[in-house]
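Undergrad: Give me a model of this one.
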Amino acid sequence: MIERSAYEPLIERLSQTFSALKVGPSKPDLDCGPLICAKQQRVWDFLSDAQHDGIEMAAHGEVIADAPEAGFYQARRLYCAIFRRYIRLAREEVFGPILAAMPFDDEADALKLANGTDYGLVAGIWTRDGARQIRLAHRVRSGQVFINNYGAGGGIELPFGGVKHSGHGREKGFEALYGFTTLKTIAIKHG
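TA: Numbering: from 1, shown residues only. Modelled structure (predicted):
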């Protein structure tokens with residue numbers, strides 16, 4: 001989601017970046033490797049749905065010509081002009097190299113979009129406004145929220161896990177240990 005006033009310039013910059021991205025095996029150290037396994041080819045269902053729904057593809061990278069046929073390679077794609085907020089691409093976790101860019105009008109609209117999904121693994125918020133950073137971080141329903149940065153996990157000491165259909169429980173950090181414990185209350189009356 002991108003604030004409407006910054007939407008067009010950012011789409012233009014993202015389009016330039018996406019167009020230059022190369023996908024292939026890990027050895028040549030390209031921008032993106034293959035999907036993790038055959039099951040993740042479900043990404044292609046999202047691409048098919050986007051085409052069927054008439055979603056505009058602003059840019060895409062390319063799979064290098066000599067990529068092995070046995071790999072599960074998918075060029076990165078940037079979709080924009082997503083105004084129908086109920087479509088699958090806007091509401092589900094893709095777990096593939098696809099970015100769906102949607103404009104929002106104000107903070108309330110941004111929250112409605114962010115929380116208007118059955119998933120909530122990780123969120124990223126970019127703003128210079130310190131009060132807005134904290135306010136949005138508290139109101140977005142997500143297992144992790146990154147402010148002015150983004151990355152899965154955030155370090156081995158920070159708990160990682162989603163909310164809603166993105167899972168339950170936590171991995172990593174002290175919080176993850178609670179999943180291996182059972183709380184017991186013992187009440188003793190003396191005398």
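Undergrad: tell me which helix or strand of the protein sits lowest on mean pLDDT?
TA: Lowest on mean pLDDT, DSSP states H and E among the helices and strands of the chain sits helix 173-177, with a mean of 72.
Undergrad: contacting residues for the residue nearest the centre of the chain?
TA: Nearest to the mean C-alpha position of the chain, by C-alpha atoms, centre = their mean, lies residue 122 at 6.2 Å. Shown in contact with residue 122 (C-beta atoms under 8 Å, 6 or more residues apart in numbering): 142, 143, 144, 145, 146, 150, 152, 162. For the C-beta atoms, the positions are set from N, CA and C on the backbone; glycine is no exception.
Undergrad: cool, residue 49 as well?
TA: Residue 49 is in contact with 87, 88, 89, counting by C-beta under 8 Å, 6+ apart.
Undergrad: For the protein, which segments count as helices?
TA: With DSSP state H applied, the chain shows helices at 4-20, 43-52, 88-91, 107-115, 130-139, 173-177, listed in chain order.
Undergrad: Could you list every helix and strand that the least confident helix or strand of the chain packs against?
TA: The helices and strands touching helix 173-177, judged by 3 or more C-beta pairs under 8 Å, 6 or more residues apart in numbering; DSSP states H and E, number zero.
Undergrad: Centre of the chain to that helix, how far?
TA: Between the centre of helix 173-177 and the centre of its chain there are 23 Å (C-alpha atoms, centre = their mean, to the nearest Å).
Undergrad: Pipe the contacts of residue 122 into JSON lines and attach pLDDT per row.
TA: Output for these, formatted as JSON lines (pLDDT from 0 to 100):
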{"residue": "142", "pLDDT": "91"}
{"residue": "143", "pLDDT": "87"}
{"residue": "144", "pLDDT": "88"}
{"residue": "145", "pLDDT": "91"}
{"residue": "146", "pLDDT": "90"}
{"residue": "150", "pLDDT": "84"}
{"residue": "152", "pLDDT": "60"}
{"residue": "162", "pLDDT": "78"}
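Undergrad: Out of those residues, grab the one that's most surrounded.
TA: Comparing those by number of neighbours (other C-beta atoms under 10 Å), residue 144 comes first, having 23 neighbours.
Undergrad: Quickly list what it is bridged to.
TA: Beta bridges link residue 144 to residue 122 when assigned by DSSP bridges.
Undergrad: what's near enough to touch it?
TA: Neighbours of residue 144 in contact, by C-beta under 8 Å, 6+ apart: 121, 122, 123, 154, 158, 160, 161.
Undergrad: buried subset of these?
TA: By neighbour count, with 16 or more other C-beta atoms under 10 Å, these hold 121, 122, 123, 154, 160, 161 as buried.
Undergrad: min pLDDT across those residues, which one?
TA: The pLDDT minimum for the buried ones among the contacts of residue 144 sits at residue 154, where the score is 64.
Undergrad: my guess is residue 62 contacts residue 75, does it?
TA: Yes. Under the criterion of C-beta atoms under 8 Å, residue 62 makes contact with residue 75 at 5.4 Å.
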